[in-house]
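>>> Sequence and computational prediction follow.
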Amino acid sequence: MITVEVPLPDGRGYPVLVGPGAVAELASVLPPGVRRVAVVTQPGIGVEVDPGCDVLVSHIGDGEPHKRLSTVEALCSEWAQFGLTRSDCVVGVGGGLVTDVAGFAASMYHRGIPVVHVATSLLAQIDAAVGGKTGVNLPEGKNLVGAYWQPSAVLCDTDTLTTLPPREWRCGLGELAKYHWLGGGRLDELPLDERVARCVEIKAEVVASDERESGRRAILNYGHTLAHAIEIAGGHDLRHGEAVAIGLVYAAELGRALGRIDDAEVAEHRRVVSGYDLPTTIPDGLEDAELMDLMARDKKVRNEGLVFALTGPDGVEVVNGVDPDVVRATLAAVR
Ligand code: GLY
């Protein structure tokens, strides 16, 4: 088992346990004094947990429509009827949707109770479950209501990844690919548990430096600006990780167009993304004008024009005020 400590600025911190069988460690990572555990999961997850105390298991529905405030309200009501107190614990068992919803409900219930995440998808293990971002969608947009609520521990049981549907696995790889340029290097050459642990370490270091995304944390969105636009314009035909894969190749092309990286670095982006069997071109039917409009509305944008996380001589950094003409012209490189 590999243990990665996630340090936080105020001296708090928590362990992330990575490896086969990590789920068996649940009882040992619960905060001291916990007498009841409220498990949140989905019917299809099929991962059994044993916290070694009184348990209530609540199921939430599958799919983005269930990531909503009414789901949080229903969970909190069930917990109140169960008698969950502030000295007990919530345990989210599932992918990013489950950990986002369970974490957000935990942040609200009794004004905040501890949460432990048992991340069962690759995407949740390397990204969603670590770092404390929680939340739900509104009809007006994704993740518009949420809280920073750090878990007490995260368990990344790599055995749970062996049964992931192939498309979900590849989507996780799309998110994993970004870590190659966030200090991970040739991650594709590492065994799975070391690869997951390395991504967690990188994320932990970034989160420790900027927990509430006042700046640097936005580098974790490497490849995401075009990805979000493709997801929305395409009506979510492409899954998030697939869109991030295209977004990474685009970010490399944009970096080259801006003189930040050379041909070899662009080729390395294409090698990694293709090696993970992910797409490198924008699906047909998505027009430049719509993608430009959506990229201009990205959450990172404040008032300075187009904003991208871009790699360069000093690694990935957030670059403000990128020339819209260059952004538009570079779309041709991923057509
Ligand atoms: N998924 C990006 C972040 O946690 O900041």
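Sure thing, it's come through.
>>> Let me know the helix or strand that residue 98 is in.
helix 96-108 (DSSP states H and E).
>>> ok, the residue lying closest to residue 153 once chain neighbours are set aside - how many residues close by?
The shortest distance from residue 153 to any non-neighbouring residue, by CB to CB, 6 or more residues apart in numbering, is to residue 29 (3.7 Å). (Glycine included, C-beta is placed from N, CA and C.) Residues near residue 29, counting by other CB atoms under 10 Å, number 21.
>>> same deal with residue 163?
Each residue near residue 163 was counted by other CB under 10 Å, and the total is 11.
>>> quick one on the thing from earlier: the residue nearest to residue 153 is in contact with residue 15, isn't it?
Yes. If you go by CB atoms under 8 Å, residue 29 and residue 15 touch, sitting 6.7 Å apart.
>>> picking that back up, show me the contacts for the residue nearest to residue 153.
Going by CB atoms under 8 Å, 6 or more residues apart in numbering, residue 29 touches 15, 17, 116, 152, 153, 155.
>>> Just give the nearest non-adjacent residue to the residue in the stretch 51-200 of the chain that the ligand sits nearest to, would you?
Residue of the stretch 51-200 of the chain nearest the ligand, by CB to the nearest ligand atom: residue 131 (4.2 Å). In space, and not counting its chain neighbours, residue 131 is closest to residue 207: 4.4 Å by CB to CB, 6+ apart.
>>> Can you list the buried residues in the host helix or strand of residue 206?
Here residue 206 sits within helix 192-209, counting by DSSP H and E. For helix 192-209, burial by neighbour count (16 or more other CB atoms under 10 Å) applies to 193, 195-204, 206-208.
>>> What of stretch 26-34?
If you call a residue buried by 16+ other CB under 10 Å, then stretch 26-34 has these buried ones: 26, 29, 30, 34.
>>> likewise stretch 311-321?
By neighbour count on 16+ other CB under 10 Å, the buried set for stretch 311-321 is 311, 316, 317, 318, 319.
>>> in the chain, which segments are predicted with low confidence?
298-305 (pLDDT under 70).
>>> where does it come near the ligand, residue by residue?
127, 131, 133, 217, 220 (CB under 6 Å from any ligand atom).
>>> of the residues you listed, buried ones?
Buried among the residues of the chain next to the ligand by 16+ other CB under 10 Å: 127, 131, 133, 217, 220.
>>> now for those, which pair is the farthest apart?
Maximum pairwise distance in these, criterion CB to CB, is 12.1 Å, between 127 and 217.
>>> one step back: I'd say the residue nearest to residue 131 and residue 127 touch.
No. Applying CB under 8 Å as the test, residue 207 and residue 127 come out as separate, 10.8 Å apart.
>>> coming back round to it: list the residues that contact both of residue 29 and residue 15?
residue 153.
>>> Tell me the secondary structure at residue 272.
helix (DSSP: H, G, I helix; E, B strand; the rest coil).
>>> Near it, how many other residues are there?
Residues lying near residue 272 (other CB under 10 Å) number 23.
>>> how far away is the residue lying closest to residue 52 once chain neighbours are set aside from residue 225?
Leaving aside its chain neighbours, residue 52 sits nearest to residue 27 (3.8 Å; criterion: CB to CB, 6+ apart). Per CB to CB, to the nearest Å, residue 27 is found 42 Å from residue 225.
>>> Quick one: residues contacting the closest residue to residue 181 other than its chain neighbours.
The spatially closest residue to residue 181, leaving aside those adjacent along the chain, is residue 311, at 4.8 Å (CB to CB, 6+ apart). The neighbourhood of residue 311, defined by CB under 8 Å, 6+ apart, consists of 181, 222, 251, 252, 255, 260, 261, 265.
>>> quick one, strands of this structure?
2-7, 13-19, 36-41, 54-59, 89-94, 115-119, 133-138, 141-148, 153-157, 306-310, 317-322 (DSSP state E).
>>> Please identify the deepest-packed of those strands.
strand 115-119 (a mean of 31; mean count of other CB atoms under 10 Å).
>>> just checking, what packs against that one?
Judged by 3 or more CB pairs under 8 Å, 6 or more residues apart in numbering; DSSP states H and E, strand 115-119 is in contact with helix 26-29, strand 89-94, helix 96-108, strand 153-157.
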